[in-house]
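In: return a 3D structure for these sequence lines:
(one chain, ligands or ions: 1)
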Amino acid sequence: MRRPIVVGNWKMNTNLEYGFSLTREIIENTRAITDVDIIIAPPFLSIPSLHNILNKSEIRLCAQNCSNEKKGAHTGEISASMLRDSGVSHVIIGHSERRENFAESNEIIARKLFASIEENLIPILCFGEPLSARDSGSALTYVETQLNLSLLQVFKDPPKYLILAYEPIWAIGSGQTATPEQAQEIHSFTRESVSNKYGSDYAKKIRILYGGSVKPENALELFEQPDIDGGLIGGASLIAGDFTEIIKSASRI
Ligand code: PEP
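Out: Below you'll find the model as predicted:
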């Protein structure tokens, strides 16, 4: 059985004070939940301070992005090894906001995957279709291309540690969640594509998260789907009570 994961993506929200109190509340609320990997992705600048208070906790730290370059003249960038140095274990790669607002192509995303894997970070590779692809019935083809160009046609051997996150763009921050059936269709297609390339043992083990307006009210029905292994949570991860309820929905205890 795959261990569920719930990731909170704080995006460019929270100051240090709010980040501290949110983290402390999450630690407190989730002490008894031992069967879910809980991960938070705060803004870069909060990472070192939050690392100190997470020391004795099982909650892991994730970055929201990393450079595709190792080091050098790349003003404003943060490398995978710098993240590793600061106590980060996971990194979100290819979030749709990066793809759309910062013109990150599948090729760049593949290079970011390489960079993070080289530093032993665990990448959370995001993919998902825009509304136009969903409306025209080409959602599967759209995500297939993304997966091929960023992962399946690029990595001959499967990355040892990798998490996938299906995030339909039309569902992110919109309050409009994919139905459990819509999400399950893409998740099972994704697992099958991974299986065709890397074999069924690897595909059975890889965890595929759903993201897009997950809330305490809809988390359970999504997490109950056979190929959904948890969630990547934006807005609701900024409220300790909501984030806790979502984590509880992923737990089987
Ligand atoms: C996200 O940004 O990854 C996300 C899923 O956001 P929200 O939960 O707010 O839709």
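In: could you find the closest non-adjacent residue to E224?
Out: Spatial nearest neighbour of E224, chain neighbours left out: P180 (7.2 Å); criterion: CB to CB, 6 or more residues apart in numbering. Just so you know, the C-beta spots here come from the backbone N, C-alpha and C atoms, and that holds for glycine as well.
In: measure the one you found to V214 for me?
Out: From P180 over to V214 the distance is 11 Å, taken as CB to CB, to the nearest Å.
In: the more surrounded of these two?
Out: Ranked by neighbour count (other CB atoms under 10 Å), P180 and V214 place V214 first, with 28 against 17.
In: quick one on the thing from earlier: identify the contacts common to P180 and V214.
Out: L222 (CB atoms under 8 Å, 6 or more residues apart in numbering).
In: contacting residues for the closest residue to S57 other than its chain neighbours?
Out: In space, and not counting its chain neighbours, S57 is closest to I27: 5.0 Å by CB to CB, 6+ apart. Counting by CB under 8 Å, 6+ apart, I27 touches 53-54, 57, 59.
In: ok, back up a step: okay but the residue nearest to E224 is in contact with F223, surely?
Out: No. Under the criterion of CB atoms under 8 Å, P180 is not in contact with F223, lying 9.0 Å apart.
In: where do the contact lists of these two overlap?
Out: Going by CB under 8 Å, 6+ apart, no residue sits against P180 while also sitting against F223.
In: re earlier: most neighbours among the contacts of I27, which one?
Out: Neighbour counts for these peak at L54, which has 19 neighbours (criterion: other CB under 10 Å).
In: which residues does that one contact?
Out: Contacts for L54 (CB under 8 Å, 6+ apart) come out as 23, 27, 60-61, 87.
In: next one: K156
Out: Listed by CB under 8 Å, 6+ apart, K156 has no contact partners.
In: that one in helix, strand or coil?
Out: Following DSSP: H, G, I helix; E, B strand; the rest coil, K156 is assigned to coil.
In: quick check: pLDDT value at it.
Out: On the pLDDT scale, K156 is placed at 96.
In: state the distance from it to Y198.
Out: From K156 across to Y198, the span is 10 Å (CB to CB).
In: what strand or helix carries L140?
Out: helix 139-147 (DSSP states H and E).
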